[in-house]
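J.: how does the following fold in three dimensions:
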Amino acid sequence: MQAQHLAWLTETIESIPDSTAAELVAGLEELFGVAVSETTVNRTRRRLGFTPKKGTSSRRSAIGKTL
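T.: As a prediction, this is how the structure comes out:
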């Protein structure tokens, strides 16, 4: 994925944290004409620092786990 795709994914996940991989795939295809799999979107989401939590995504803590 190119920088513009990563920027769009980051912006979309931050503004709509419960976006599904299928919705993000559809958005990439509709806006940029890019065909990627849900697996690619999920891997990219994790690489960008987002993790799915019970149907939502949030950015990983910079501090790490707390007790």
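
J.: which element is the most centrally placed residue in the chain on?
T.: For the chain, the residue sitting closest to the mean C-alpha position, by CA atoms, centre = their mean, is R45 at 3.7 Å. In the assignment (DSSP states H and E), R45 maps to helix 38-47.

J.: and the contacts of that helix?
T.: Helix 38-47 is contacted by residues 1, 6, 9, 13, 21-22, 24-25, 28, 51-52, 57 when judged by CB atoms under 8 Å, 6 or more residues apart in numbering. (C-beta placed from N, C-alpha, C; glycine too.)

J.: just flag the most distant two among those residues.
T.: L28 and T51 (19.7 Å; CB to CB).

J.: quick one: which of those two has more around it?
T.: L28 (21 against 13; other CB atoms under 10 Å).

J.: ok, that one - contacts?
T.: With contacts defined as CB under 8 Å, 6+ apart, L28 is in contact with 5, 8-9, 34-36, 41.

J.: can you check H5 too?
T.: Here H5 is in contact with 28, 32, 34 (CB under 8 Å, 6+ apart).

J.: distance between stretch 42-50 and the chain's centre?
T.: Put simply, stretch 42-50 sits 6 Å off its chain's centre (CA atoms, centre = their mean, to the nearest Å).

J.: show me what counts as buried in it.
T.: 42, 44-45, 50 (16 or more other CB atoms under 10 Å).

J.: what do you get for stretch 28-37?
T.: Residues of stretch 28-37 classed as buried: 28, 34, 36 (neighbour count, 16+ other CB under 10 Å).

J.: from the residues you listed, which land in strands?
T.: Under the assignment DSSP state E, the buried residues of stretch 28-37 contribute nothing to strands.
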